[in-house]
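> What follows is a predicted structure for the sequence shown.
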Amino acid sequence: MLRHEARSGSQAGFSLAEMVVVTALVVVGTAVAIPISQRMVANARGDTSLVMTATFLDLARSRAVAERRNIELVFVDTTRMQLVRIEVPDGTRTVIADLVLEGEQEFTKDGTLPDTPDAFGAATAVAFTGVPPVMFTSDGSLIDSAGDVTNGTVFVAKPGDLETARAVTITGVTGMVRSWKWRNSQWLR
């Protein structure tokens, strides 16, 4: 004999109204989370480009000192930089490393951004105080084509997105590389 038992309210499942409320909450939560997630990804890409650029410049200085050769910084285009070793005694040039920025990041500078606190230049995305090309020497300093010590700034960002703006400065005498992040209205280390 089959018996049907009545279920109590707690065993009956969810009502249509409860399902609609839960669905609405999920939709609202998603609508809030997506833009926040996109900003976080853009900022992470900016940070990655900053670290890659600073590390690449540190590599150039280290290789110049270790190999006792001048290492020239060559900015091939808005996303690519090379390190070129100047061979002795004939002056031939050998590409020893290649950096390509990813995630829509470029060597670029928004015209509204001020210079970093180091004040080495902000006229262009790659701004050095001397006459190009610039290179690290075997003593670790950064010089220009005339052999004079030069300072410089390399700006990276996703074009048109100030929140991703980053900068790397190089102090010519020591070859020291410093990283900067643009936050709201100022450069922070």
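Yep, it's here.

> List the contacts of stretch 124-131.
Stretch 124-131 is contacted by residues 75, 78, 106-109, 120-121, 134, 143-146, 148-156, 172 when judged by CB atoms under 8 Å, 6 or more residues apart in numbering. (C-beta placed from N, C-alpha, C; glycine too.)

> and these, which are buried?
For the contacts of stretch 124-131, a burial check counting by 16 or more other CB atoms under 10 Å picks out 75, 106-109, 120-121, 134, 143-144, 149-156, 172.

> Tell me which of those fall in strands.
Secondary structure from DSSP state E places 75, 106, 107, 134, 143, 152, 153, 154, 155, 156 of the buried ones among the contacts of stretch 124-131 in strands.

> Name the nearest residue to the residue nearest the centre of the chain, sequence neighbours excluded.
Central residue of the chain (CA atoms, centre = their mean): residue 49, 2.4 Å from the mean position. Spatially, and ignoring its direct neighbours in sequence, residue 49 is nearest to residue 105 (4.0 Å; CB to CB, 6 or more residues apart in numbering).

> cool, residue 103 as well?
residue 45 (3.7 Å).

> so what secondary structure elements neighbour the one helix or strand the residue nearest to the centre of the chain maps to?
Secondary structure assignment for residue 49, by DSSP states H and E: helix 16-67. On a contact count with 3 or more CB pairs under 8 Å, 6 or more residues apart in numbering; DSSP states H and E, helix 16-67 meets strand 70-77, strand 80-86, strand 93-100, strand 134-136, strand 152-157, strand 166-171, strand 176-183.

> Out of those, flag the one nearest residue 20.
Each of those has some distance to residue 20 by CB to CB; the shortest is strand 176-183, at 41.3 Å.

> Much appreciated, bye for now.
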